[in-house]
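# here's a sequence, model it:
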Amino acid sequence: MNMKTFSIGAGLLVVVVAVIVAAVVAMPESGNVPIVSRYLVNPGPLSKPHAFLEGRCSACHTPVKGVEASNCIVCHANDEALLQREPTAFHGNIGSCKECHTEHGGRIQHPIAMDHAALSRIGLRQLADSGDEVFDQSEGLARYLNSSRASSSQSRLNCAVCHGKEDPHSAQFGSSCTACHDTERWSIVAFRHPSPRSRDCAQCHHGPPCHRTTHFREVCAQVADKPDAKVHECYSCHQSTSWNDIKGVGWYKSH
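The predicted model follows:
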């Protein structure tokens with residue numbers, strides 16, 4: 001292909017794109033718009049909570065830049081009841097929303113897709129923007145996150161910052177959650193519970209608050225038909241399949 005032919009082809013492409021854009025801009029606000037044209041300006045319905053913004057693209061999108069956190073903050077920054085909740089309090093230091101909160105997936109979608117790797121990338125970005133010398137030491141981490149092993153980047157996060165108050169292990173195993181858990185699932189695939197005949201339950205399990213009151217003697221022990229049960233002797237009433245699988249009773253719904 002010579003340069004003249006290439007220039008003509010490139011020129012035709014520009015004209016075609018210009019025609020499509022012009023058609024989209026000038027198209028009537030009716031349901032009789034070609035699917036391709038509609039998709040160019042609306043990639044899909046918003047979720048139910050954001051449905052009232054349908055057709056008001058500029059409420060979230062900034063030309064050229066796309067979705068900016070400042071557009072989200074306009075509506076959500078004053079929602080103190082939401083932001084003060086323990087699971088959402090960390091948002092105050094993130095400064096970016098679009099990585100985890102995605103839209104245009106339909107009315108019934110839940111616009112939250114927790115991405116721990118994205119949190120790592122956001123953290124690196126914040127270090128770069130701050131000009132902190134620490135960022136110079138993070139180049140290796142940046143390369144790691146951008147490599148094919150990015151899915152394992154959660155190992156670089158401090159899980160305890162967000163999950164410290166919901167530690168079921170009562171700090172017995174420290175704060176290095178990623179030594180056993182990953183962010184895809186809480187359960188540990190390789191974990192094998194000790195034999196149901198084991199009597200060392202108290203090494204990992206502690207009785208719930210109700211076991212420290214008269215409720216244990218008057219209700220729990222009676223349900224299990226173990227009037228002399230001891231709080232630290234979990235094995236006398238419980239099966240290792242689940243805490244509410246009671247010996248001789250089966251699956252017991254306590255509440």
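
# got the phi and psi for residue 72?
When read as degrees, to the nearest 10, the backbone of residue 72 gives phi -70, psi -40.

# got the phi/psi numbers for the closest residue to it other than its chain neighbours?
The shortest distance from residue 72 to any non-neighbouring residue, by Cβ to Cβ, 6 or more residues apart in numbering, is to residue 97 (4.5 Å). For glycine as for every other residue, the C-beta is placed from the backbone atoms N, C-alpha and C. Dihedral pair for residue 97: phi -120, psi -40, per degrees, to the nearest 10.

# do the same with residue 67
phi -80, psi 120.

# which residue comes closest to it once chain neighbours are left out?
residue 98 (4.6 Å).

# and the strands in the stretch 1-150 of the chain?
Taking DSSP state E, counting those that start in this stretch to define them, one finds strands in the stretch 1-150 of the chain at 61-62, 66-67.

# strand partners of the last one, parallel vs antiparallel please.
Strand pairing for strand 66-67, using DSSP bridges, gives strand 61-62 (antiparallel).

# sorry, back to before: the residue nearest to residue 72: neighbour count?
19 (other Cβ atoms under 10 Å).

# report the contact partners of it.
By Cβ atoms under 8 Å, 6 or more residues apart in numbering, the contact list for residue 97 reads 67, 69, 72.

# separation between it and residue 234?
44 Å (Cβ to Cβ, to the nearest Å).

# also residue 159?
27 Å.

# who has more neighbours out of these two?
residue 234 (22 against 17).

# pretty sure the more buried one is touching residue 201, no?
Yes. Contact criterion Cβ atoms under 8 Å: residue 234 and residue 201 qualify, at 3.8 Å.

# any stretches of the stretch 51-200 of the chain with poor pLDDT?
Applying pLDDT under 70 to the stretch 51-200 of the chain picks out residues 86-87, 130-156.

# all helices for it, in order.
69-76, 80-83, 116-130, 139-145, 160-163 (DSSP state H, counting those that start in this stretch).

# helices and strands around the first one, which ones?
Contact analysis of helix 69-76 by 3 or more Cβ pairs under 8 Å, 6 or more residues apart in numbering; DSSP states H and E lists no helix or strand as a packing neighbour.
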